[in-house]
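S.K.: Build me a model:
(2 chains)
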Amino acid sequence: MAENIDDENKDSENIDDDSDFNIDFTTSSAINRVSLKFLIVYIPIFWFSGMIVATFWYGYTVGTEPWIIKLLFLPILLLAFMFLFIISCFFFSKLLLIFINLIHLPKEGIFRTEKGDTDFEFWRLRTEIKKIVLWLIRNWPLPWIDVLAFRWFGVSMDFSSHLNDAWCDAEFIKFGNNVTIGQGACIMSSMVVGNYLIIKRITFDDFSLVGGQSTIAPGTHFGKDTVLGAVSVTTLNQKLEDGWIYSGIPARKLKPNQYAEMRRDIIQKVDVDEEEKVEVEHEVNIDEDKKHLFRRKNGGDKK
Amino acid sequence: MSVPNSMRVGPFCATVLAKKKYLVLYIFLIWISLLPAILEIWWYWQMLWYDIRPLHFYVFLPLYFIVMYITTVFAAIFFAKILLIIVNVFHKPREGVFLRDPADRDYRYWSLRNTIKKWPTWLAHKFPFPFLDNICFKVFGVKTKFSNSLFEGWVDTEYIEFGKNVVVGQGAIIQSSVIIGNFLIIKKTIIEENVRIGAHVIIMPGTHIGKNCILNTWSSTMVGQELEEGWVYNGGPAKKFKKNRFFEDIPIEKLTKTVGDIDGLLKKYDEQYVKRQVKKKIPLKERRIHIRKEKSEEKPEEKTEKKD
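M.R.: Modelled structure (predicted):
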């Protein structure tokens, strides 16, 4: 087996020079060069948020209620303390992030992974800071509220879409409504290729779906009702069209997404401009006798 | 960012069915490594707790919890290392192919070593500081630099060497031991400088990855495969995809090109694997001649062997 592979490797050596610089593969975006100086940031965040919890704990111990009642409320209090700790971690890390973004604004582009490059250094610092809260929130018993953390850190999304089973960068990502992201998927808005760091915005349109264990490269655009199959990889800046099922490495069209048409509900899309409010209502495959079951926003005036 | 539950691939040791008698050692380790933390909190109480409840007791408490956690990790590493040294005196760990059977001494001691290492590695990985992981790996005999980020992937705890600036991607698996059927294979994996390992990559024991390599996502290597330096590798088993020139000084305009032709790229990916079959396609008539030739070649050889 090994000999056969070596023979073929010789054939692939003659490749044009122009295609050498094409980024037609996807690697990872784990931070290289973990520097200890950034970890100093962790300690004040932990300390201050721990102090807030400690003051509440002080109040609990000082209180003059009978000890049975105190014990009865201890479990719910512990949960509340955990939540308080996470929320205060949020607060302090967000405060730090604001200061850091004032010094250097995060921006898209291609940067060098060298010590002198300010964009690279600040990218590392930002990811280190964001890591604490996201790590904490995913390890406590209610991981669904990580949407809150992502929203605070600059990913535009709401509670209709969820990604608590996926690895996701916390900046330069835009979600539509009802986006589902599968288990173990990697959504990377930043990628380390050789000596270069690529940061580019990823956009998900409404109702798009990402399969389990798939990897999404920076710059990918998901159209409306697009489905990406499991174990598939998108390339840099790939545009996935509306209403198609994609799969494979690299992702290519498999078949049109019929499930999108079969969805039986009313999709309401509200576009709010600066001056006027436009309301568009789509009806998709609803039986005539069941139409009255849906509640209209304007009290059925449009009938 | 943070590794979710479905990708929870922290540096635990490989799936070992721990024997019940090994669990005694495991529980002993947990017990003894928690003792220093309890001693610390007692000392803290003695120092700062007076008759009137003082404020500074509460002010420094959260900071002290971090110190306590780190001391438990270090205590766990310390006692595990002592146990490992004792175990290694009885039986020295070695590379090779062993039977996966309780009767086999190497297999038994391999699983014993892994049960000992599990508690400290688990504890270190449960903390968001990446450097605790690296200390753990260093003590247990993995050659790494502190600057390497091994936090996002799964890494075995012995017989691995890392160079500088290695990036291990999200959910990547780097093994130095693997169970195949009834056999246990232990072999040293070496990863040299500036290697970028993509997300979900699986690296099998005995792989040698040269300098400045890039591994594409979802690629995997074979047992004992050697990857030459300065190439981009792709697929499973990993094959050369193109020359890696991303460590050179490139004008940034060249890098911003998007891949327009996805079908062409797919063909390029597939060609690496389909080629072998295409080469062997011979029309029927020629194939018959080919087979006859092979048979005629084989016969005289057999005869000569018999004569000898």
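
S.K.: Give me the phi and psi for the nearest residue to residue A:169 once chain neighbours are set aside.
M.R.: Counting by C-beta to C-beta, 6 or more residues apart in numbering or on different chains, residue A:189 is the residue found nearest to residue A:169 once chain neighbours are left out, at 4.4 Å. (Each C-beta comes from the backbone N, C-alpha and C, glycine too.) Main-chain dihedrals, residue A:189, degrees, to the nearest 10: phi -90, psi 0.

S.K.: and residue A:189, what is it in contact with?
M.R.: A:169, A:171, A:172, A:173, A:199, A:200, A:201, A:202, A:218 (C-beta atoms under 8 Å, 6 or more residues apart in numbering or on different chains).

S.K.: gap between it and residue A:117?
M.R.: Separation of residue A:189 from residue A:117 (C-beta to C-beta, to the nearest Å) stands at 18 Å.

S.K.: and what of residue B:225?
M.R.: In this view, residue B:225 and residue A:117 are 34 Å apart by C-beta to C-beta.

S.K.: ok, now residue B:70?
M.R.: Separation of residue B:70 from residue A:117 (C-beta to C-beta): 32 Å.

S.K.: any chance you could map the strands in the stretch 1-150 of chain B?
M.R.: B:96-99 (DSSP state E, counting those that start in this stretch).

S.K.: any residue of stretch A:38-58 up close to chain B?
M.R.: Yes. Residues of stretch A:38-58 are located near chain B by C-beta under 8 Å from any C-beta of the partner chain, namely A:39, A:42-43, A:46-47, A:49-51, A:53-55, A:57-58.

S.K.: for the residues you listed, which one is nearest residue B:150?
M.R.: Residue B:150 has its nearest neighbour among the residues of stretch A:38-58 next to chain B in residue A:39, at 15.4 Å by C-beta to C-beta.

S.K.: got a list of what the closest one touches?
M.R.: Under the criterion of C-beta under 8 Å, 6+ apart, the neighbours of residue A:39 are A:128, B:129, B:131.

S.K.: Quick check: the first one touching residue A:41?
M.R.: Yes. If you go by C-beta atoms under 8 Å, residue A:128 and residue A:41 touch, sitting 6.7 Å apart.

S.K.: Same drill for those two, tell me which one is more crowded.
M.R.: Higher neighbour count among residue A:128 and residue A:41: residue A:128, with 20 against 17, using other C-beta atoms under 10 Å in any protein chain shown.

S.K.: what helix or strand is the more buried one on?
M.R.: In the assignment (DSSP states H and E), residue A:128 maps to helix A:118-139.

S.K.: Tell me where the model's unsure across the stretch 201-308 of chain B.
M.R.: Where the stretch 201-308 of chain B drops to pLDDT under 70, the residues are B:260, B:273-283, B:298-308.

S.K.: Does the residue in it that chain A sits nearest to fall in a helix, a strand, or a coil region?
M.R.: For the stretch 201-308 of chain B and chain A, the shortest gap (C-beta to the nearest C-beta) falls at residue B:246, measuring 2.5 Å. Following DSSP: H, G, I helix; E, B strand; the rest coil, we place residue B:246 in the coil state.

S.K.: Find the closest residue to chain B in the stretch 51-200 of chain A.
M.R.: For the stretch 51-200 of chain A, C-beta to the nearest C-beta, closest residue to chain B: residue A:194, 2.5 Å.

S.K.: Counting neighbours, which bits of the longest helix anywhere in chain A end up buried?
M.R.: Ranked by residue count under DSSP state H, the longest helix found in chain A is helix A:74-103. Within helix A:74-103, the residues that qualify as buried are A:81-82, A:85-94, A:96-97, A:100, counting by 16 or more other C-beta atoms under 10 Å in any protein chain shown.
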